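[1] With the sequence up front, the predicted model follows.
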Amino acid sequence: MPTETTTATPAAPTDHAARAATTQPSPARTADVPAGNAHTGGAHTNHTHAGRAPAGHAPAPPHGYAKDRDAYLKRMRRIEGQVRGIERMIAEDVYCIDILTQVSAVTKALQAVSLGLVEDHLGHCVVNAAKSSEEEGAEKIREATDAIARLWKS
């Protein structure tokens, strides 16, 4: 797995642009990827955005969730509304258990989104990488395993 070289900063940046400004990708990560197409910050992996490929290469396939994108966005808007409802409940001094019930519902909804994204990633991104090469397949499996481990711990 390619490594990143980071510069020392007094405090961790809080937004993607700030993280990207303090994180320098290793040469291996950007060898064939034009500026702006590869992620360079945080825990992002070396891939291009759907449909944008390095010069001379075929366009990258859409992400695994592309076919369900609208459904995911609808679910996330619903979850966002639930979170705003919890915020109102706290502002209105609603009974603790009622708030916790809503927090549990939001947690379950996010877990369902996560499970769907993992399934889409395995069925699309991992399968396509494995078809491309054994090395790419192994990298995507390791990436998916790490993501599942993070979900398991949360």
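    Thanks, I have it.
[2] ok, now which ones touch G123?
    Residues in contact with G123, defined by Cβ atoms under 8 Å, 6 or more residues apart in numbering, are G64. For every residue, glycine as well, the C-beta is placed using N, CA and C.
[3] from now on call the first residue 259
    Will do, 259 is the new start, and the previous item becomes G381.
[4] which residues in the protein form strands?
    262-264, 281-283 (DSSP state E).
[5] For stretch 382-391, list every residue counted as buried.
    The neighbour-count check on stretch 382-391 (16 or more other Cβ atoms under 10 Å) flags 382-384, 387-388 as buried.
[6] Over to stretch 387-406?
    Neighbour-count burial for stretch 387-406 [16+ other Cβ under 10 Å]: 387-388, 395, 397-398, 401-402, 405.
[7] is it possible to export those residues to CSV including distance to D356?
    As requested, those are exported to CSV (distance: Cβ to Cβ, whole Å):
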residue, distance to D356
A387, 45
A388, 47
G395, 47
E397, 45
K398, 42
E401, 39
A402, 37
A405, 33
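[8] closest to L373 among those?
    The shortest approach to L373 among these belongs to A405, at 11.6 Å (Cβ to Cβ).
[9] Which pLDDT value belongs to that closest one?
    Looking at A405, its pLDDT reads 94.
[10] Report pLDDT for G322.
    For G322, the pLDDT comes out at 73.
[11] quick one, what contacts it?
    Applying Cβ under 8 Å, 6+ apart, one finds that G322 lies in contact with 375, 378-383.
[12] tell me the domain boundaries of this structure?
    For the chain, automatic domain parsing gives the domain ranges 259-318, 319-412.
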